[in-house]
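turn this into a structure:
(3 chains)
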Amino acid sequence: MNSDIRNIGQSSSILQLSPAWEATLDRAKIKRDEAASAAARFLPKDRSLFLNRVRFVNDRNSARGMADFLEQRRIVLVGMDTEFRYSEEGVHTWTASGRDVEWCDPRSVEPLMLTLAAVELRESSDTEYDVYRFAVDLRQSAVLDSVQHVLRMPVPFIGHFLQAELICLWKLGLAEPNELWDTWAAEKAIQLGCTMGTLDRKNQATEGDDKDLCETYGPMSLLGTCDRYGIRYPFAGVKTELQASFLNMDENAEFSPDQIEYAVADAVAAAGLYLPQVRRTAKCGLLRHLQSIEMSWAVTNARMHWNGVRVAPQRIEQLREACQRHVAELGAQLADEGLHKVNSFPQMKALMERHGLLELFRSGDSYSFDDKHLETYEDRHPSIRKVRLVRKVQRLLSDQLLNGSLIGKDGRLHPEHRQLQAASGRNSMRHPNIGGIGQALRPLVVPDEGYGIGEVDLVQIEIGIAAAVYNDPDLIRMFNGRDVYVAMAKRFYETDRNGSTAGLSDSEFKKKHSELRAKMKVFTLGIIYGMSPHGIALQLGITHKEAMQEHERFMSMFPTLNDALLEAAALGAIRGYADTNTGLKRHRQRTGRTTTKERNWLVNTPVQGSAANVFKDAGNRLDKRLQHYEARLIMPLHDSFIFEAPLGKLSQVSKVVAEVMRSTVQEHFPKLAPRTDINIEHPSCWNKDGTLRSLRLWMANPELARL
DNA sequence: GAAGAGAGCGCC
DNA sequence: AAAGGGCGCTCTCTTC
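Numbers count the residues shown, from 1 in each chain, chains lettered A, B, ... in the order given. This next block holds a predicted model:
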């Protein structure tokens, strides 16, 4: 029958078959071919063809073969790695430890190769397994459908610093796997606190009791990590060389066997790290934290990096011109007085000495010309004000943000969001640190056409977290009320004022007794940050003795908290680490007696770190939830998320963000009733509390632009 | 000339 | 003796 139809079709020139008929016949043929190849796909594949060799995938058939084979096997995990390069030159940002630190536009990434190491446990053994290795040429778009199939497999995909892999996948329009494990992030968590930050290097140098120092954990690189787990890495000596070979190769050149073997080795190493690392993190009490928060956060971070932040080029240009104008005018005036560098200590000293003002700036046995001192004595001489202004403007002028070099192909900044960079577990941001831009300058950040920018923050969350992790019922109750500082002040001063404040509403109190409320704020931050009576006295302008008495009385309002703080410092010191609500730990770098600094962070880390955990957890949910609204997170800022949403959905999205943030806090700390602030007043740019004019004010006169 | 230390200030 | 937790980034001065 079929052959009859074919014959008819072949002789259609004679029979004058209609085009519609021809199309029908063609479709039938395609369907039949597909059915035949589908049937072939469903035959078990010979696994010996995939064992002990690398399968190179560079067209539709080989890709489909890979996907079918992997779905036929009982795969339990897949190691992955990508090779890529950037079409745009990197931007030199600065030099650190002899190495140039470069920023590369993630939007200019050129994915070259994806390597996979799929692991299948042997039925006969719990410890032996087979690895199927693939190298996929990502330059061939025909392979992508099947690659996506593989990535959808419900098994963990393992990679070392997944940001790179994710950027490659997203560039190709592929969705990331559902379950990911970043071996780099796991190592970061294990060593948290052990790395030598600047501050700790300083302490070490001055104190010099090296015998009490804990060993450092070692490098976070794939090689360093393999070393720690006793995993053989075949290309140890030539890794840099082979990595570079991808950067220099011709666009369409074939990959060399060396390149393929090397790229596959990285995927195999990642796969090999998984089980030992899961075991180690379980031993360290980190497994739950990593699985429930950190691994998803790696994806959330990568997506914020990929999404980026739009800035308005003309506003940047205007700001730069304004800055240059200010520096030129004021700088010339100062130069006339012999001050050529406003940051030069000797020149400042000479200038102030000439005016007979030097002693005003005494600080210990030296002098300090920091902004605080300058501000205090601004009215003593006109050049002091000028110095302050020039410093402010110069700092901005030399900011990475203003020279425009960090703007990607898509017209957006793509700051790097560094996971677990802070010893407390917080993120940090760089290239550029757009979150650290002055609040007045936030309107430089604008949304895409048709979108609006919103921000939601958790109000005074660290106080709530402090109350919850240290489980103080009174502080919890006050946090859950309308204004925590007013609640404190009412209680603190009720004996002083014979109940006269008790009848006032919170807002009345806030108005009438703002200075009392401010004092409570100082004491509270004092608790969270470990401020001493000395510091409190300085802050409040009272004597050391008064500060001590007041602080004691303040702490007596929270006896449970008081005990818990002492415990945290003392027990943490013995234990060797401070911990957070989901098990993430910050380790001490030494044993024995604690320094003041250590006692402070032993108390603070459970608060700051737990707040960071909850915040990341909320961010992970938002990363998923916002997709439905075509909205996206663009920046995390410790207790607030900045996001971009279609204008018509902005209000709805902001409610979702706020709800998710609050409910996540409550899932971690059921006793808390957190509040959120939504700022969508002016969606046309990022701003602080709806203050739009700040940028223009700054340009006119930086002095006036106080928020 | 490069690298590190320190001061200083921006953000939470 | 130090004296408020966590960062990024720039500038100046010192040292090798």
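
residue contacts, the closest residue to DNA strand B within the stretch 351-500 of chain A?
Here the stretch 351-500 of chain A gets closest to DNA strand B at one residue, residue A:371, 2.5 Å apart by C-beta to the nearest atom of the strand. Heads up, the C-betas are built off the backbone N, CA and C, glycines and all. Each residue near residue A:371 by C-beta atoms under 8 Å, 6 or more residues apart in numbering is listed here: A:388, A:391.

what about it, distance to residue A:632?
37 Å (C-beta to C-beta, to the nearest Å).

now do residue A:240
Using C-beta to C-beta, residue A:240 is found at 35 Å from residue A:632.

ok, these two, which is more surrounded?
For residue A:240 versus residue A:632, the count of surrounding residues by other C-beta atoms under 10 Å is larger for residue A:632: 20 against 9.

identify the bridge partners of that one.
residue A:644 (DSSP bridges).

for it, give me its contacts.
The contact partners of residue A:632, by C-beta under 8 Å, 6+ apart, come to A:303, A:307, A:626, A:643-645.

among those residues, which one sits closest to residue A:525?
residue A:643 (27.9 Å; C-beta to C-beta).

which ones are touching that closest one?
Residue A:643 makes contact with A:453-456, A:622, A:626, A:631-634, A:653-654, A:657, according to C-beta under 8 Å, 6+ apart.

next: residue A:289.
Contacts of residue A:289 (C-beta under 8 Å, 6+ apart): A:189, A:580, A:582-584, A:613.

do that again at 7 Å, thanks
Contact partners of residue A:289, counting by C-beta atoms under 7 Å, 6 or more residues apart in numbering, are A:189, A:582-584.

neighbour-wise, which of the residues you listed leads?
Greatest neighbour count in those, by other C-beta under 10 Å, goes to residue A:584: 28 neighbours.

which residues are in contact with it?
With C-beta under 7 Å, 6+ apart, residue A:584 has these contacts: A:189, A:192, A:286, A:289, A:425, A:609, A:613.

residue A:36 and DNA strand B, how far apart?
62 Å (C-beta to the nearest atom of the strand, to the nearest Å).

how many neighbours does that residue have?
10.

ok, back up a step: restricted to helices, list the contacts of residue A:289.
Among these, DSSP state H puts residue A:189 in helices.

can I get the contacts of residue A:289 in CSV including pLDDT and distance to DNA strand B?
Formatted as CSV, the contacts of residue A:289 follow (pLDDT from 0 to 100; distance: C-beta to the nearest atom of the strand, whole Å):
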residue, pLDDT, distance to DNA strand B
A:189, 95, 21
A:582, 97, 20
A:583, 96, 22
A:584, 96, 17
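
farthest pair in the contacts of residue A:289?
Of all pairs in the contacts of residue A:289, the most separated under C-beta to C-beta is A:189 and A:582 at 10.6 Å.

go ahead and list the helix or strand containing residue A:432.
Assignment of secondary structure by DSSP states H and E places residue A:432 within no helix or strand.

correct me if wrong: it contacts residue A:406.
Yes. Between residue A:432 and residue A:406 there is a contact at 5.6 Å, judged by C-beta atoms under 7 Å.

between the two, which contacts overlap?
A:400, A:413.

lowest-confidence one in the contacts of residue A:584?
Minimum pLDDT across the contacts of residue A:584 is recorded for residue A:192, with 91.

is that residue in a helix, a strand, or coil?
Put simply, residue A:192 is coil when judged by DSSP: H, G, I helix; E, B strand; the rest coil.

who's in contact with residue A:136?
A:57, A:63, A:113-114, A:143, A:147.

any idea of the pLDDT on it?
At residue A:136, the model reports a pLDDT of 98.

just want the phi and psi numbers for it.
Here is the backbone geometry of residue A:136 (degrees, to the nearest 10): phi -110, psi 130.

also residue A:177?
phi -60, psi 160.

so residue A:72 sits right up against residue A:45, yeah?
Yes. Using C-beta under 7 Å, residue A:72 is in contact with residue A:45, at 6.0 Å.

quick check: the residue of the stretch 601-707 of chain A nearest DNA strand C.
residue A:601 (3.8 Å).

and what of chain A?
Counting by C-beta to the nearest atom of the strand, chain A gets nearest DNA strand C through residue A:535, at 2.3 Å.

so what's the residue count around that residue?
Neighbours around residue A:535, by other C-beta under 10 Å: 15.

cool, and the one 5 residues further on?
Look at residue A:540: counted by other C-beta under 10 Å, it has 17 neighbours.

still on that earlier bit, contacts only, for the closest residue to the residue of the stretch 601-707 of chain A closest to DNA strand C other than its chain neighbours.
In space, and not counting its chain neighbours, residue A:601 is closest to residue A:578: 6.7 Å by C-beta to C-beta, 6 or more residues apart in numbering. Residue A:578 makes contacts with A:572, A:585-586, A:601-602, A:605-606, as judged by C-beta under 7 Å, 6+ apart.

the same query, at a cut-off of 8 Å, please.
Residue A:578 neighbours (C-beta under 8 Å, 6+ apart): A:568, A:572, A:585-586, A:601-603, A:605-606, A:609.

mind putting the residues you listed into a markdown table with secondary structure and neighbour count?
Compiled in a markdown table, the contacts of residue A:578 are given as follows (DSSP: H, G, I helix; E, B strand; the rest coil; neighbours: other C-beta atoms under 10 Å):
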| residue | secondary structure | neighbour count |
| --- | --- | --- |
| A:568 | helix | 21 |
| A:572 | helix | 23 |
| A:585 | strand | 22 |
| A:586 | strand | 23 |
| A:601 | helix | 23 |
| A:602 | helix | 24 |
| A:603 | helix | 24 |
| A:605 | helix | 26 |
| A:606 | helix | 24 |
| A:609 | helix | 27 |
